[in-house]
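Colleague: how does the following fold in three dimensions:
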Amino acid sequence: MNIHRRKYTHLFFDLDNTLWSFEENSLGAMQLTFSQFCLESQGVDFLSFFNIYSKNNRLLWEDYRNGKVIKRDLMRLRFQQTLEAFRIVGIDPLEMNTFYLTEMPNQKCLVDGTPELLDYLKRKGYSMFVITNGFREVQYKKLKTSGLDGYFSKVFISEDIKSPKPNKEIFEYAVKSANARKVASLMIGDDLHADVAGALNFGMDAVWFNPENKTDCEEPLKKNHSKNLMYRVHTLAGLTQIL
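Modeller: You can find the predicted model right below:
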């Protein structure tokens, strides 16, 4: 963690795997989807299915952020490719996707320490916002169902802004819309590339939430960001040492 401190007034949070436990909630939603479409009766192992889906989904999201695939194709292909891997026929991948996305925001698992941190920051008087790359209809439901929506003044979603993290445009739009000063703004997220490198490239300080204590993946940060600070925390409670 950088020992220097700056006075921040506006905090911008990533949502998935920073506050809302995407991994746990995705697993729960997929279990319901797996059951709904009776895949076990076809001899499919759930964890194998989930792992292949997760890999397909991750790669397709990279293509989506890079403009190589559109939203509808992403939603279809992530299930179509997974079904094909198990040679499953007779299931509409878009129907499966619709069920999954209906169940996904109903899951309520939060990253450890989320309510305590947000209550602390609210008492301290920070203005708080979300910057997320998720789909609009899902992200707002996640925030409402999990009880997080009341903490944030505005939510900035890449689908609305037409620019995903790590592009500078989404950070610039968020900071201007929040009526914030860049020097007094801080981005907090778990994705070293999308959240941290994206914010630093824009010229905003950032916190890398790194619960797994990764030490070998800082390649995106080798560019010179001498004017900006980067902090590292392994728990959300660690943010109280900065803020």
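
Colleague: right, and G113 touches T240 too?
Modeller: No - look at G113 against T240 with C-beta atoms under 8 Å: they stay out of range, at 9.7 Å. C-betas here are computed from N, CA, C, even on glycine.

Colleague: same for the longest helix seen in the chain, what does it pack against?
Modeller: Ranked by residue count, the top helix of the chain under DSSP state H comes out as helix 46-65. Judged by 3 or more C-beta pairs under 8 Å, 6 or more residues apart in numbering; DSSP states H and E, helix 46-65 is in contact with helix 22-36, helix 71-85.

Colleague: list of residues touching that helix?
Modeller: Contact with helix 46-65 is made by 26-27, 30-31, 34, 39-40, 69-71, 74, 77-79, 81-82, 85-86, 133, 164-165, 194, as judged by C-beta atoms under 8 Å, 6 or more residues apart in numbering.

Colleague: domain assignment for the chain?
Modeller: Domain assignment for the chain by automatic domain parsing gives 10-21+110-241, 23-106.

Colleague: quick check: angle from the longest helix of the chain to helix 22-36?
Modeller: If you take axes from the mean of the first three to the mean of the last three C-alpha atoms, to 10 degrees, helix 46-65 sits at 120 degrees to helix 22-36.

Colleague: and K68, what does it touch?
Modeller: Contact analysis of K68 by C-beta under 8 Å, 6+ apart lists nothing.

Colleague: would you list every one of the strands in this protein?
Modeller: 10-13, 127-132, 154-157, 185-189, 205-209, 230-233 (DSSP state E).

Colleague: quick one: which of those is nearest F22?
Modeller: F22 sits nearest to strand 127-132 of all the strands of the chain, at 10.6 Å, using C-beta to C-beta.

Colleague: so where's this structure shaky on pLDDT?
Modeller: Judged by pLDDT under 70, the chain has its weakly predicted residues at 1-5, 216-226.

Colleague: quick check: phi and psi at K108.
Modeller: phi -120, psi 10 (degrees, to the nearest 10).

Colleague: ok, it - contacts?
Modeller: N25, T145, S146, G147.

Colleague: list buried residues within the residues you listed.
Modeller: Buried positions within the contacts of K108, assessed by neighbour count (16 or more other C-beta atoms under 10 Å), are N25, T145, S146.

Colleague: can you redo those as a markdown table with distance to L47?
Modeller: Formatted as a markdown table, the buried ones among the contacts of K108 follow (distance: C-beta to C-beta, whole Å):
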| residue | distance to L47 |
| --- | --- |
| N25 | 16 |
| T145 | 25 |
| S146 | 25 |
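
Colleague: quick check, nearest of those to D45?
Modeller: Once C-beta to C-beta is applied, the member of those that ends up nearest D45 is N25, at 20.9 Å.
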